[in-house]
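Peer 1: The following block contains a protein sequence and its predicted model.
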Amino acid sequence: MGRGPTLRLDCRYVNITNNPMRYEFRLTRKKDPEIIVSTINLNHFNDKYHNRASVYTEQGLVQLHIQRYNSSDLGQYTCTLNIPQDLTINQTVSINVSKGEMRGGVHAPS
């Protein structure tokens, strides 16, 4: 992907069914949410992050990786998970990433 710091956001979930899990990662800066990647409402991958972002999934975990992380990527990241016909409709967690976390690789667990 390229040089520079990497942001990794972990979004853990509980699935009591075998139904497929869908996810969405958003970034909010200055009150305007921006979808980075989504499989919930439509398969969406923001052009701004197309060459820098990737998603890794395994049972109980979804990770967003952003390569070449920089100050324009600061803000509140929200991970929303949807598992149809599961006990919970949506599982959501928000993570604030601030300027102090810009040094080196960043790992923001959920």
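Peer 2: Everything's here; your move. A quick note: this is a predicted structure, and the numbers were derived from the prediction, not measured.
Peer 1: all contacts plus neighbour counts: C-alpha atoms, from now on.
Peer 2: Fine.
Peer 1: roughly how far apart are residue 86 and residue 41?
Peer 2: Distance, residue 86 to residue 41, by CA to CA, to the nearest Å: 17 Å.
Peer 1: neighbour count winner among the two?
Peer 2: Using other CA atoms under 10 Å as the criterion, residue 86 and residue 41 rank with residue 86 on top: 16 against 9.
Peer 1: Quick check: that one touching residue 14?
Peer 2: No: between residue 86 and residue 14 there is no contact under CA atoms under 8 Å: 9.4 Å.
Peer 1: Next up, the contacts around residue 96.
Peer 2: For residue 96, the contact set (CA atoms under 8 Å, 6 or more residues apart in numbering) comprises 75, 76, 77.
Peer 1: Count residues in the vicinity of the closest residue to residue 23 other than its chain neighbours, would you?
Peer 2: Leaving aside its chain neighbours, residue 23 sits nearest to residue 81 (4.5 Å; criterion: CA to CA, 6 or more residues apart in numbering). Using other CA under 10 Å, residue 81 has 25 neighbouring residues.
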